[in-house]
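Colleague: everything below, folded, please.
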Amino acid sequence: YGSVPENVKRYIETLLNPVIDWRSQLINYFSSYAKEDYSWRRSNRRMLAHGLYLPSLHSESMGDLLVAIDCSGSISKAQYRDFLSEVQGIIDTIHPSKTTVINWGSNIGSVTKVLPDQNILEECELEYLGGTNINKPLKVINKIQPTISVIFTDGQFFDKPIKVESDLLWVIINNPEFKS
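Modeller: Sure, this is the predicted structure:
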């Protein structure tokens, strides 16, 4: 940058290398699937005490959620727990009617059905499943056809992904060269 002032260097660096809080983006994305509306079927009990008959906030589930978590050798235990924590946050936010978590690598590993009252951190365990065959979870997604799917991975795979017929969100960590 030559003799450019330090604050201008930082500003240019910020423009060239933006940092996006992927966790808040993820929650915002999934919140759009949650159906929250007011309903007159149940009145707001807190307001009844004040003589006001108002609707209560009613939330329906958003449908089925399928989560595919990369368990190849390049994923650490800490990354796996981070993935699970984010999935728990999604479940707590959007209340899917059914959540299926798939561990995958070169093959499909465990498939866990998570109930709304269960803690995903207690239900799922990291199992190293060799390399990374991205088409394994994509075939499961096409077969099950959930409302929405999310794939957590480091994006280190070489196969060309097959086409998926339902909504799919990719969460790629630590791989700035990833191209979808």
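Colleague: which residues touch Lys136?
Modeller: By C-beta atoms under 8 Å, 6 or more residues apart in numbering, Lys136 lies in contact with 104, 106-108. Quick note: C-beta positions are derived from backbone N, CA and C, even for glycine.
Colleague: may I have the lengthiest helix in the chain exported as CSV, CA atoms only?
Modeller: When the chain is parsed with DSSP state H, its longest helix is helix 77-94. Output of helix 77-94 as CSV, limited to C-alpha atoms (Å, rounded to 0.1, in the frame of the first residue of the first chain):
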residue,chain,number,x,y,z
LYS,A,77,-14.2,-33.0,17.4
ALA,A,78,-14.5,-29.3,18.2
GLN,A,79,-15.8,-28.6,14.7
TYR,A,80,-18.4,-31.4,15.0
ARG,A,81,-19.6,-30.0,18.4
ASP,A,82,-19.8,-26.5,16.8
PHE,A,83,-22.0,-28.0,14.0
LEU,A,84,-24.2,-29.7,16.5
SER,A,85,-24.6,-26.5,18.6
GLU,A,86,-25.7,-24.7,15.5
VAL,A,87,-28.2,-27.4,14.7
GLN,A,88,-29.6,-27.2,18.2
GLY,A,89,-29.9,-23.4,17.8
ILE,A,90,-31.8,-24.0,14.5
ILE,A,91,-34.2,-26.5,16.2
ASP,A,92,-34.8,-24.1,19.1
THR,A,93,-35.6,-21.3,16.7
ILE,A,94,-37.8,-22.9,14.0
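Colleague: thinking again about what came up before, what's the most distant pair in the contacts of Lys136?
Modeller: Ser106 and Ile108 (9.5 Å; C-beta to C-beta).
Colleague: where does the chain have low pLDDT?
Modeller: The chain contains residues with pLDDT under 70 at 1-2, 15-20, 22-23, 32-39, 41-42, 56-61, 180.
Colleague: coming back round to it: most neighbours of all the contacts of Lys136, which one?
Modeller: Trp104 (26 neighbours; other C-beta atoms under 10 Å).
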